[in-house]
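Asks: Predicted model, plus sequence, below.
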There are 2 protein chains.
Amino acid sequence: MNTLDNQQLQQMAHAVRALSVDMVEAAGSGHPGMPLGAADIITVLFGTVLKHKPSDPLWPDRDRFVLSAGHASAMLYATLHLAGYPLSEQELRNFRQLGAVTSGHPEVEQHLGIECTTGPLGQGIGMGVGMAIAERAARARNPEGIDHYTWVLAGEGCLMEGISHEACSLAGRLRLSRLILLFDDNNNTIDGRGSLSCSDDVPARFRAYGWETLEADGHSYAAIEAVLNEAKTKDRPVMVRFKTTIGRFSPLADSHAAHGSVLGAERAAETRRALGLETTPFTIAPGVTELWKSACSRNAAAYAEWQKNAHKTVAKIDEAQLEHLVDAYKRDAAGKDATATRAASGEVLSALTAGLPNLIGGSADLTGPTQTLTDSSVAFDDSEEPAEAPNYIYYGVREHGMGAVMNGIALHGPFVPYGGTFLAFGDYMKPAIRLAAIMGQQVIFVMTHDTIAIGEDGPTHQPVEHFSAYRSVPNLLVIRPADRTEVAEGWQVALQNGGRPSMIVLTRLPVEPVFSEYRKENLVAEGGYLVVKADGVPAVTLVASGSELAPMKEAAKSLAADGITCDVVSMPCLELFLEKSDAERGSVIRGKKVIVVEAASTPGWDRLVPGDVSFHAMRTFGASGKKDALVKHFGYDARSIDAAVRSRLA
Amino acid sequence: MNTLDNQQLQQMAHAVRALSVDMVEAAGSGHPGMPLGAADIITVLFGTVLKHKPSDPLWPDRDRFVLSAGHASAMLYATLHLAGYPLSEQELRNFRQLGAVTSGHPEVEQHLGIECTTGPLGQGIGMGVGMAIAERAARARNPEGIDHYTWVLAGEGCLMEGISHEACSLAGRLRLSRLILLFDDNNNTIDGRGSLSCSDDVPARFRAYGWETLEADGHSYAAIEAVLNEAKTKDRPVMVRFKTTIGRFSPLADSHAAHGSVLGAERAAETRRALGLETTPFTIAPGVTELWKSACSRNAAAYAEWQKNAHKTVAKIDEAQLEHLVDAYKRDAAGKDATATRAASGEVLSALTAGLPNLIGGSADLTGPTQTLTDSSVAFDDSEEPAEAPNYIYYGVREHGMGAVMNGIALHGPFVPYGGTFLAFGDYMKPAIRLAAIMGQQVIFVMTHDTIAIGEDGPTHQPVEHFSAYRSVPNLLVIRPADRTEVAEGWQVALQNGGRPSMIVLTRLPVEPVFSEYRKENLVAEGGYLVVKADGVPAVTLVASGSELAPMKEAAKSLAADGITCDVVSMPCLELFLEKSDAERGSVIRGKKVIVVEAASTPGWDRLVPGDVSFHAMRTFGASGKKDALVKHFGYDARSIDAAVRSRLA
């Protein structure tokens, strides 16, 4: 029921072009090339095909639109503004300025229509796959209330990134027919012609993943509309290749110089003239605002119908149920024997997945080793209408894809994704972990096989620098529990922190229990707390987490026997501890001397001068060998810890 | 001129199988599945096709063999042992034990035939592409002395990883006809059948990259030999898919359980019987050792011929020339105006690439922004016989591929690779950076656009946690120069450190010069040094690097004016500084109070208790805005630094 003719669509697209150029000019920086090239595609999409409601950007059943090529942010902001989202002209004029929502690259603001943060290339494709998975999961749970598509607009850069392979291969395996990838093929990258560095037959590549592929002229409104509608009819994910001209209508058309260069006042004016528009910045042709508004009100009936059915917003996590499940586990765990914390995590997950239907788990081909699958797990397969509501993804050996897909699942809601791999392989998905933290999304990274204590797999599999690396990421909780009780509490913390991602770090091999008695309160939520409290002021406060806690407690005993009084602090989540008041922290860290014991490296600043806080830390990579041999070799058995403490106090 | 019949090859392959199983049994851990499945392939390759000389594993013109599927390490060790490399039976018996060279996953030991470290999946493919590129580069410089192939053996896991996309797409673009990828297609991953998570048409995917694809039965000796020889005749990179049975001849054949499970004594014995061998571990059939030795001596004539031409080992870097070039640049730079350190790096590289022919540069589609291309750069294209010796790679938007390719280039020699991207996008290639450090390879990562001071591109592009992350990597030099002089010295340090990788961190925008006068000595090589020395013992030592140094120096002035005496220390390379003696360090860090100023985050331990060392550090991600606005907002202009110092001394 399209009522827009070519001329109208062109006017609408030209408004996007002009505003984009104006924004880049006003900012004095930015990327005009893709907005000028892809404006026709985004205009037809938003104006005729996308299921959306600009007055209710959070409508749960909206189509999702992801601008994976985040450098074209000006185009997105201009489009949202014109379409009637609450994104003002003033925000356009403040493009890229401190405090504006119109960041250099899109930062998630779903109430404005910005579905996710993009800019690091390829991430948007992965998040789009996650959103399409979440749509399927949501539809399986609520067939009447959910029925929409995910659209991803990406350039050649996104497709060159490895993450595009991982995510799109997975999408093919799962046959995500509600996922449509729009490839803006303008044959230019920053370095020059696309062919300078890439000669892929991209459609053939996607067919090899089991996708459908379509092609269209990215500047023909009729062709664009036809192909977008055709794409919706396929029973597989669809990649549509649009041939476009980067920097179209500007003097830099079809040149890689158009990608990230400010045109300058003269060329900007020339571009406006080529668009048939006045040269005054931020003006558009008469009637175009109305055209855009009218076009984007076309889903009113569908929206009203959806509302009539009064679908309620679903909470991601039932807090009371969570509390109950964790408490029951803790009661049951009290007094049990040594266990690997990964195994404890598997036990906790069994309880959680049975009681919390909005958890969506998975693993990057380490399902058994990371203990992420439970009796309640139902795997996604290649059906859009699964018999049972699925909640588990076999991600394959695709850590980076997993990370980005989890981000997409969280963004779509109402789900909390968790996914397992080895801590050392967190590196493979670091860009997605970072994005989860920047976006403040509740994503849970289950990272097993921590420290050299994994044993024989050797240095490539032994995380060393990862503790420092992840603790340095703002807005990410790194939770490293020491035994069953802390594992359960750690999961509770992760599930209660809706505004940030968590990483739960777990051992491969058994560690002795530290807390043998049931406790009601969640001490992991405190970040750190006293496990052994010396009489009076201790000579030293020993701080550790995870597998180092039990041997440190033992070392504290042998030290105390020689008159060296020690407090022992468990620090399962340093980030949460640092959020507490000075007084609260002071009541835990009582010693003037503090020694942190961790089988991990530091950035080295602590070694600049001898100070009151020191680290018993790794300075090399690990080695291949039996666990006990390695732990002793690198100095993390009780006796070595005892010696390390003495030498630092001497 | 194959003289081995099927029966002989089978005996040889069965010896590999038996020894691999024995090693895993002896260790009590490891991966028997792939050795049992791929033994026929590696036997035919080493026994009939590979150009190698086990008595001279470092022969520069040898074919390179990369076991990308590093978990099959037992197979590699068994093969090298049988082929006559100096890898003893005792080492096989010590598989996976502390101190043995036979690590759980292969650790590079080229003098034993272990070409590189593998285990993290997909890395071997990227390194193989790098080796093939290096072969082309070496042949262009030395057509008589270099003429060999690179063989990579990979499993489905390697091919699912995104890095395989990046590396293989690049290989297709460069038409690396000396690269042959052997795909051990056993249709099993850790989680189950390959089809559980992947439905790719792998050959079609590789054809989309411009590769040739071939197929063969991975258990037919004739078929394997024929296809390996055919692969060498193609004018493009070749992917050979071998259908194999994981865990062949064991009771776990064709089961994913065979991948990483110890068989156990009974099943191991059963496997040996199925192979027609005695059940005593580490025995092989009579005559098989001789068969292997004889087969692997077949390149004696080629080797002798090569030696006759007396090709000399080429040094990677001419030290005297390096010294000269850096010194000339420093003389010229003295007294010059403010510049972005990335621009200074471009200037230094112009001099270095003109004088050091074994540098091989490139960028992941950020050639201009990272200033990695110089007048001496000659790009690789799709020809195996380029008219000019190439030394520059347009990597495309493939950071991870770039990292692994650089590792491969360094491993092949005699080249030193450098490659540019933004510091924030180092995340994309972190697994390759880590591997460079583990392997101790001289790879230079040129990371521009550091800190929030890049300005408007916003938080996704602003590195925050990366300083801590990379400084925590053992064996990696993080060099962050403050001006032209330090940039030149930083490059010299990177090029003089042959046994480890370096990362040179650079600004996008201009910074004031700190050192206006020429100096002969390389102070960056000291790690850190006094820039401002107060009279007597200073109230505080201020430490910074890069763009924070100039404003900190200014802050020191305003502090001194109020009687707060400050030493100012430039710390361009913390790792090198920490390698110095206590006395040397003490002569630089003289104040009892130390404040480190860096627009980057820390892991947070420094905030545990107030100590003598404190950090003026980031605790959040950045924001989009103009540089000056951001630098002020986050507190890194001179005035904010002054205030931060006062508050910490109060």
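Replies: Done, it's in.
Asks: Now chain A against chain B: closest residue?
Replies: residue A:162 (2.3 Å; Cβ to the nearest Cβ). For the C-beta atoms, the positions are set from N, CA and C on the backbone; glycine is no exception.
Asks: That residue touches residue B:160, doesn't it?
Replies: No: applying Cβ atoms under 8 Å as the test, residue A:162 and residue B:160 come out as separate, 10.4 Å apart.
Asks: Quick one: residues contacting residue A:150.
Replies: The contact partners of residue A:150, taken as Cβ atoms under 8 Å, 6 or more residues apart in numbering or on different chains, are A:63, A:64, A:66, A:128, A:131, A:132, A:135, A:178, A:179, A:180.
Asks: From what I see, the third one and residue A:123 are in contact.
Replies: Which is residue A:66. No: with contact defined as Cβ under 8 Å, residue A:66 does not reach residue A:123; the gap is 9.2 Å.
Asks: Flag the shaky bits of the stretch 501-650 of chain A, pLDDT-wise.
Replies: The stretch 501-650 of chain A contains no residues with pLDDT under 70.
Asks: Strands of that one, residue ranges please.
Replies: Per DSSP state E, counting those that start in this stretch, the stretch 501-650 of chain A carries strands over the ranges A:502-505, A:529-532, A:540-544, A:566-570, A:594-597, A:613-616.
Asks: helices or strands up against the third one?
Replies: Put plainly, it is strand A:540-544. Judged by 3 or more Cβ pairs under 8 Å, 6 or more residues apart in numbering or on different chains; DSSP states H and E, strand A:540-544 is in contact with helix A:549-561, strand A:566-570, strand A:594-597, helix A:638-649.
Asks: Now render the strands of the stretch 501-650 of chain A as JSON lines, adding distance to residue B:267 and mean neighbour count.
Replies: JSON lines is the format used below for those (distance: least, Cβ to Cβ, whole Å; neighbours: other Cβ atoms under 10 Å in any protein chain shown):
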{"stretch": "strand A:502-505", "distance to residue B:267": "34", "mean neighbour count": "27"}
{"stretch": "strand A:529-532", "distance to residue B:267": "44", "mean neighbour count": "18"}
{"stretch": "strand A:540-544", "distance to residue B:267": "40", "mean neighbour count": "27"}
{"stretch": "strand A:566-570", "distance to residue B:267": "42", "mean neighbour count": "25"}
{"stretch": "strand A:594-597", "distance to residue B:267": "41", "mean neighbour count": "24"}
{"stretch": "strand A:613-616", "distance to residue B:267": "42", "mean neighbour count": "22"}
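Asks: Need those strands in CSV (columns: distance to residue B:424).
Replies: Formatted as CSV, these follow (distance: least, Cβ to Cβ, whole Å):
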stretch, distance to residue B:424
strand A:502-505, 19
strand A:529-532, 35
strand A:540-544, 31
strand A:566-570, 34
strand A:594-597, 28
strand A:613-616, 27
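Asks: what's the neighbour count on the residue of chain A closest to chain B?
Replies: By other Cβ atoms under 10 Å in any protein chain shown, 29 other residues sit near residue A:162.
Asks: Give me the phi and psi for the closest residue to it other than its chain neighbours.
Replies: Of all residues not flanking residue A:162 in the chain, residue B:162 sits nearest, at 2.3 Å (Cβ to Cβ, 6 or more residues apart in numbering or on different chains). Torsion angles at residue B:162 (phi, psi; degrees, to the nearest 10) stand at phi -60, psi -30.
Asks: my read: residue B:162 touches residue A:401, true?
Replies: Yes: using Cβ under 8 Å, residue B:162 is in contact with residue A:401, at 7.1 Å.
Asks: so what sits against both of those two?
Replies: Common neighbours of residue B:162 and residue A:401 are listed as A:163, A:166 (criterion: Cβ under 8 Å, 6+ apart).
Asks: Up against chain B, what does the stretch 451-600 of chain A have?
Replies: With the criterion set to Cβ under 8 Å from any Cβ of the partner chain, the stretch 451-600 of chain A comes near chain B through A:455-461, A:464-465, A:467-469, A:471-475, A:543, A:574-575, A:577-578, A:585, A:589, A:594, A:596.
Asks: Just the buried subset of those, please.
Replies: Taking 16 or more other Cβ atoms under 10 Å in any protein chain shown as the criterion, what is buried in those is A:455-461, A:464-465, A:467-469, A:471-475, A:543, A:574-575, A:577-578, A:585, A:589, A:594, A:596.
Asks: Hmm, residue A:166 is touching residue A:429, no?
Replies: No: between residue A:166 and residue A:429 there is no contact under Cβ under 8 Å: 9.4 Å.
Asks: Now do the shared contacts for these two.
Replies: Common neighbours of residue A:166 and residue A:429 (Cβ under 8 Å, 6+ apart) are A:399, A:400, A:402.
Asks: restrict those residues to those near chain B?
Replies: Counting by Cβ under 8 Å from any Cβ, A:399, A:400 from those sit close to chain B.
Asks: want to try TSV for the shared contacts of residue A:166 and residue A:429, with neighbour count as columns?
Replies: As requested, the shared contacts of residue A:166 and residue A:429 are exported to TSV (neighbours: other Cβ atoms under 10 Å in any protein chain shown):
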residue	neighbour count
A:399	33
A:400	34
A:402	30
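Asks: Mind listing what's buried along the lengthiest helix in chain A?
Replies: The residue-count maximum for a helix in chain A (DSSP state H) belongs to helix A:6-27. By neighbour count on 16+ other Cβ under 10 Å, the buried set for helix A:6-27 is A:8-27.
Asks: near chain B at all, the least confident helix or strand in chain A by mean pLDDT?
Replies: Between all helices and strands in chain A, the lowest mean by mean pLDDT, DSSP states H and E belongs to strand A:613-616, at a mean of 90. Yes: using Cβ under 8 Å from any Cβ, strand A:613-616 comes into contact with chain B via A:613, A:615.
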